[in-house]
Structure formats: structure tokens, C-alpha cells
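*Asks:* After the sequence you'll find the predicted model.
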Amino acid sequence: MEFDDQMQRFFGTDDLGAVSPAALAGGVERMQVELGLETDNGRKFAMWSLLYMLGAAPDLDIAFKNERDRDAARTFVELLDRARELGPRPEGRAGIRMLLNSDRVSLVAG
């Protein structure tokens, strides 16, 4: 599941700044419900990641039954924390994209 797809599906736009507080709360609630019902590990991880960035993710033990999935989520949190510490990247500098697959998290320069 691509990030833009999640934004469109749950918030009706790919610009989170354009979402009203009520629409944001509704989208987060829908994501939390779908997260609990999702059986595909990759889709579940993608939803959990966005919920984490929005400050609304459930605890790892609740979200993921598999220890490997919980480890991947911990890695995601660590990488996100490091990126926040570095701050915004200078104009024109390449960034890093995260690819979420059903069995792994990959980082790609680009």
C-alpha cells in the first residue's frame, strides 16, 4: 500500500494540511478499525506506520502478533526518530524512501 493511496483512502486527499480536524479524526478512526481487521502483513504495517506518524497507533503487542513484525515496527520508529533528529534536508539533496513489503522494510536513496 502506497502512502498516497492511504492518504486518499482515509482522508480524501494526499495533502494532510488540507484535512479538517474532524476529517482527520474520522480518517484515523477508520484506519484504526481497518488495522484491526487487516490480515495482510504489508498493508497492516503500512497503516500502523501512518497511524504512528499521526500519534494514533496502537501498541506493538496489540497491532502485531508476530515478533518479526514488531521488530520491523521498532526499526521503523528508530529510523523515523533519527530522521527527525537530522531535521529537514537541504534543498536539492537526495532523501531516503521507505518501501514497505509484506516481509521487510527497505530503505532506498532517491
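*Replies:* Alright, I've got the coordinates. Residues are numbered from 1 along each chain as shown.

*Asks:* In the longest helix seen in the chain, which residues are buried?
*Replies:* Scanning the chain for the longest helix, with DSSP state H as the assignment, gives helix 67-86. For helix 67-86, the neighbour count (16 or more other CB atoms under 10 Å) marks 69, 72-73, 76 as buried. C-beta coordinates here come from the backbone N, C-alpha and C atoms, glycine included.

*Asks:* Quick one: mean pLDDT for it?
*Replies:* Averaged over helix 67-86, pLDDT sits at 88.

*Asks:* Repeat that for stretch 12-22.
*Replies:* 89.

*Asks:* residues of that stretch that come out buried?
*Replies:* In stretch 12-22, counting by 16+ other CB under 10 Å, buried: Val19.

*Asks:* tell me how far the ends of that stretch are from each other?
*Replies:* 13 Å (CA to CA, to the nearest Å).

*Asks:* Give me the contacts around it.
*Replies:* Outside stretch 12-22, the residues that touch it by CB atoms under 8 Å, 6 or more residues apart in numbering are 4, 7-8, 11, 23-24, 27.

*Asks:* swap the cut-off to 7 Å and go again
*Replies:* By CB atoms under 7 Å, 6 or more residues apart in numbering, the surrounding residues in contact with stretch 12-22 are 4, 7-8, 11, 23.

*Asks:* So which of those are in helices?
*Replies:* Going by DSSP H, the helices hold 4, 7-8, 11, 23 from the contacts of stretch 12-22.

*Asks:* any idea how far whichever strand or helix holds Leu50 is from the chain center?
*Replies:* Assigned by DSSP states H and E, Leu50 belongs to helix 41-53. Remark: helix 41-53 is offset 4 Å from the chain centroid, using CA atoms, centre = their mean, to the nearest Å.

*Asks:* list the buried ones in it?
*Replies:* Buried residues in helix 41-53 (16+ other CB under 10 Å): 41-52.

*Asks:* what's the distance between whichever helix or strand comes after that helix and the middle of its chain?
*Replies:* Following helix 41-53 in sequence order, the next helix or strand is helix 60-63 (DSSP H and E). Offset of helix 60-63 from its chain centre (CA atoms, centre = their mean): 14 Å.
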